[in-house]
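Chemist: sharing a model that was predicted from the sequence below.
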Amino acid sequence: MVSSVCHSALSDLSPPSSVKIFPDRSQFFKEESVSLSCEVQKEPNLWKLMRRKTVGTNDTFSPGWGEHYTLDPIMLGDGGVYWCQSTSGKQSTAVNITVHGGSVIMQSPTLPVNGGHPVTLTCRYRENMNKDKSFSCLTDSFYKDGSLINNGTTGEMTIPVVNKSHEGLWKCSCGNHGDSPESWMTVTSKNTAVPPSSPSPTTLWSTSLSRLLCGLLVSSPYLMVTSVMLVKCSKRKRISQGAERETCEGREV
């Protein structure tokens, strides 16, 4: 019981988890290799990678793969929503992965983008479904919510300072090679980030004391019993000494 209480108290101090994807993008060609993991600094064994994939109209949940998993090769049916979930039910920010069987994909951020920062979108194509090589488009067009935003010849479009107006469905077109699927880009307001406040001395003292007590109780399960026995023995000794003094005083009288 003591162990479970201490485990629960310390688990609440763990930082939130996020999904890390390598390569870091939301669209993939069919049969590429993709690695996923839960970014946790403490107690990684308490987090599991989860998936909800859409096959037709049916959603399928994985039982939890652990904190690391590699899809090699990734297939069309692996597209869906991925997130990390703790044993207590806490969930990280979900990311959407699209697997494309065509020739063109657009590389874009998987997680929400902070407003005020630059963002680069890349349009790439693959010839003859060669899973080992992809190329930058020499003739590219980028669209947001169906409207043309930019034409270029580098295969890239950089937004120097992203803001809420850039949030939406993006895709790219790569000349004769075709179009990429659409991906949603989320932009967070740069003013929403609030610096974490420093913990108060009371909080730090309480946390340190909890850790100390938990460590002592878990590492020495007999400590509590021993302490109780010592207290009882001390009381008995004092009672015995008191009785002896009363007896001696009675004899002197």
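Modeler: Yep, that arrived. Just so you know, these numbers come straight off a predicted model, no measurement behind them. Residues are numbered from 1 along each chain as shown.
Chemist: next one: Lys90 from Arg51, what distance?
Modeler: Distance of Lys90 to Arg51, given as CB to CB, to the nearest Å: 17 Å. For the C-beta atoms, the positions are set from N, CA and C on the backbone; glycine is no exception.
Chemist: which of these two has more neighbours?
Modeler: Just comparing Lys90 and Arg51: by other CB atoms under 10 Å the higher neighbour count belongs to Arg51, 22 against 15.
Chemist: list the contacts for the more buried one?
Modeler: Counting by CB atoms under 8 Å, 6 or more residues apart in numbering, Arg51 touches Phe61, Ser62, Trp65, Gly80, Val81, Tyr82.
Chemist: wasn't it part of a helix?
Modeler: No: assigned with DSSP: H, G, I helix; E, B strand; the rest coil, Arg51 falls outside any helix and is strand.
Chemist: for it, give the beta-bridge partners.
Modeler: On the basis of DSSP bridges, Arg51 is bridged to Tyr82.
Chemist: per-residue pLDDT, it?
Modeler: Looking at Arg51, its pLDDT stands at 91.
Chemist: tell me the buried residues in stretch 168-183?
Modeler: Neighbour counts using 16 or more other CB atoms under 10 Å place Gly168, Trp170, Lys171, Cys172, Ser173, Cys174, His177, Asp179, Ser180, Pro181, Glu182, Ser183 of stretch 168-183 among the buried residues.
Chemist: among the residues you listed, which pair sits farthest apart?
Modeler: Greatest spatial distance in the buried residues of stretch 168-183: Gly168 and His177, 23.4 Å, computed using CB to CB.
Chemist: ok, now how distant is Met185 from Asn150?
Modeler: Note on Met185: its distance to Asn150, by CB to CB, is 14 Å.
Chemist: equivalent analysis for Val113, please.
Modeler: On the measure of CB to CB, Val113 and Asn150 end up 17 Å apart.
Chemist: who's more crowded, the two?
Modeler: The neighbour count for Val113 versus Asn150, taken as other CB under 10 Å, is higher for Val113 (19 against 15).
Chemist: quick one on the thing from earlier: of all the buried residues of stretch 168-183, which comes closest to Met157?
Modeler: Nearest to Met157 among the buried residues of stretch 168-183, with distances taken as CB to CB, is Cys172, at 7.9 Å.
Chemist: where do the helices sit along the stretch 101-250 of the chain?
Modeler: Ranges of helices in the stretch 101-250 of the chain, per DSSP state H, counting those that start in this stretch, are 201-219, 223-252.
Chemist: which other residues reach the helix or strand harbouring Ser35?
Modeler: Using DSSP states H and E, Ser35 sits within strand 34-39. Strand 34-39 is contacted from outside by 17-23, 28, 44, 47-49, 67-72, 74, 78, 82, 84, 92, 97, using CB under 8 Å, 6+ apart.
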